[in-house]
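Asks: Mind folding the following:
(chains A, B, C and D)
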2 protein chains.
Amino acid sequence: MTEKPLRADARRNRTRILEAAEAVFAEKGPAASTEEVAERAGVAIGTVFRHFPTKDELFAAIMKDLLRRLTDEAERLVADDDPAALFTFFTSVVTQAAATRTVAGLLQVSPAEPIQGFTHVLETLLARAQAGRTVRPDVHVSEVVALLTAACQGALLGAWSDDLRDRTLAIIFKGMR
Amino acid sequence: MTEKPLRADARRNRTRILEAAEAVFAEKGPAASTEEVAERAGVAIGTVFRHFPTKDELFAAIMKDLLRRLTDEAERLVADDDPAALFTFFTSVVTQAAATRTVAGLLQVSPAEPIQGFTHVLETLLARAQAGRTVRPDVHVSEVVALLTAACQGALLGAWSDDLRDRTLAIIFKGMR
DNA sequence: AGAAAATATGAGTCGCGACTCATCTTGTCA
DNA sequence: TGACAAGATGAGTCGCGACTCATATTTTCT
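Replies: From the prediction side, this is the model:
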């Protein structure tokens, strides 16, 4: 757990690589080569592997970032205290999933802790919705997560139009009411 | 479109390969190697490529078979004339998707015609459900397809338990009512 | 400035998996 | 039964992408 201070250029490169990786994987999917990431980052292939010894670790790092961002977004929504916030968040995640193919892999991510945080915020959002009678009390988080990941995958694979997405999500939300 | 008669052994091998491919891909996912399929079929690698010049064509063949089977199942349900048949079918497909990882790729399949048939039966099932007031009249097939593929993907990726699957699908069905 | 440590570089290794083809085997049919 | 075409075989080719490492470059610290 000791954080060793990185050299200035190393820190800069790490960030560049993460940004490049996110962009490349969003465009071409997870099958994109590591070399492509290196090129986009303006860095040699060896540098990528110095920072992330494995392609999987690079993935995990991206996922962690993404999860943190989503969790932040959810927390902001919790602050608003709107009973429909769960639906707002749900829609936002699915929309992002369609754009950045990374979201879809939420489940397979390695680090468990960020997921904990994510699930916890979702739980809060769900509780708020239920307190405001926007969602039936017998709906459990596990079902919300299942529906969320299903919708993400579906949106990604099926290339849902905005319209189709809204109509499909409307059905899901109605089921939760 | 001319059907040339295959030699007896060729016909037998073709079937074996298809069965093997379905089993192997169900177990290990689409990344499984063609050699593994050949081995399981008890056939040399060259034979697989004689029948299916490309891995993609092998996939397409499996998908076509699968779609036909699903369509048959749906047609049998149409005959029953049960307004809840759509839900029965929906559940069946999702369950199969979890088992045979092949179902999940329904969309990307190449041959368009089998999909036509599938969508058409789904449409019938939906119409029946709506006639029996089991499903709201403003639900369209495109949404049903979207929900179906989403659920399949979700079940596969999320490794849903039977229980979770039922509870999740219950929410979706409620949304369609 | 100057040396040591950290970091970057990129040509090269390695393994894997899709696909080929020269050769052998088997089914078919007169 | 014989012969020929259809089919089967499997060692080999090819390309690709993850990962390595000897060497060159920076940063940092005194």
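
Asks: Any part of the helix or strand bottoming out on mean pLDDT in chain A near chain B?
Replies: Every helix and strand in chain A was compared by mean pLDDT, DSSP states H and E; the lowest is helix A:112-131, with a mean of 91. No - taking CB under 8 Å from any CB of the partner chain as the criterion, helix A:112-131 and chain B are apart, separated by no less than 12.5 Å. Every residue, glycine included, has its C-beta placed from N, CA and C.

Asks: need the contact list for residue A:58.
Replies: A:17, A:21, A:34, A:37, A:48, A:52 (CB atoms under 8 Å, 6 or more residues apart in numbering or on different chains).

Asks: distance of residue A:3 from chain B?
Replies: Distance of residue A:3 to chain B, given as CB to the nearest CB, to the nearest Å: 33 Å.

Asks: So that residue, which state does it fall into?
Replies: coil (DSSP: H, G, I helix; E, B strand; the rest coil).

Asks: Which pLDDT does the model give it?
Replies: Here, the pLDDT recorded for residue A:3 equals 73.

Asks: what do you get for residue A:28?
Replies: Residue A:28 is given a pLDDT of 93.

Asks: give the contact list for it.
Replies: residue A:36.

Asks: Close to DNA strand D: what parts of chain A are there?
Replies: By CB under 7 Å from any atom of the strand, the residues of chain A that approach DNA strand D are A:7-9, A:32-35, A:45-46, A:49, A:53-56.

Asks: What are the buried residues along the longest helix anywhere in chain A?
Replies: Counting by DSSP state H, the longest helix found in chain A is helix A:55-80. Neighbour counts over helix A:55-80 (16 or more other CB atoms under 10 Å in any protein chain shown) mark A:55, A:58-67, A:70-71, A:73-74, A:77-78 as buried.

Asks: still on that earlier bit, among the contacts of residue A:58, find me the one that's closest to residue A:151.
Replies: residue A:21 (24.7 Å; CB to CB).

Asks: What number of neighbouring residues does that closest one come out with?
Replies: 26 (other CB atoms under 10 Å in any protein chain shown).

Asks: and the helix or strand where it lies, anywhere near DNA strand C?
Replies: Using DSSP states H and E, residue A:21 sits within helix A:8-28. Yes - Helix A:8-28 reaches DNA strand C (CB under 7 Å from any atom of the strand) through A:9-10, A:13.

Asks: DNA strand D: which of the contacts of residue A:58 is nearest?
Replies: Taking CB to the nearest atom of the strand as the measure, DNA strand D lies nearest residue A:34 of those, at 3.6 Å.

Asks: In contact with the closest one, which residues?
Replies: By CB under 8 Å, 6+ apart, the contact list for residue A:34 reads A:45, A:48-49, A:55, A:58.

Asks: got it, and residue A:168?
Replies: A:151, A:154, A:160, B:143, B:146-147, B:150.

Asks: Check those residues and tell me the two furthest apart.
Replies: A:151 and B:143 (12.0 Å).

Asks: Give me the more crowded residue out of the two.
Replies: Taking neighbours as other CB under 10 Å, residue A:151 and residue B:143 compare with residue A:151 leading, 27 against 21.

Asks: Please name the nearest non-neighbouring residue to the more buried one.
Replies: residue A:94 (4.8 Å; CB to CB, 6 or more residues apart in numbering or on different chains).

Asks: What count of nearby residues applies to that neighbour?
Replies: For residue A:94, the neighbour count with other CB under 10 Å is 28.

Asks: Looking at chain A, which residue is nearest DNA strand C?
Replies: Nearest to DNA strand C in chain A, going by CB to the nearest atom of the strand, is residue A:46, at a distance of 1.8 Å.

Asks: secondary structure element for that residue?
Replies: Going by DSSP H and E, residue A:46 is part of helix A:45-51.

Asks: Buried residues, that helix. List them.
Replies: A:47-48, A:51.

Asks: What is the nearest of these to chain B?
Replies: Checking the buried residues of helix A:45-51 against chain B with CB to the nearest CB, the nearest one is residue A:48 at 23.0 Å.

Asks: shouldn't the closest one be in contact with residue A:38?
Replies: Yes - between residue A:48 and residue A:38 a contact is recorded at 4.8 Å, counting by CB atoms under 8 Å.

Asks: returning to what we had before: after the least confident helix or strand of chain A, next one along is what?
Replies: helix A:141-158.

Asks: helices or strands next to that next one in the packing?
Replies: If you count contacts as 3 or more CB pairs under 8 Å, 6 or more residues apart in numbering or on different chains; DSSP states H and E, helix A:141-158 packs onto helix A:85-99, helix A:112-131, helix A:162-176, helix B:141-158, helix B:162-176.
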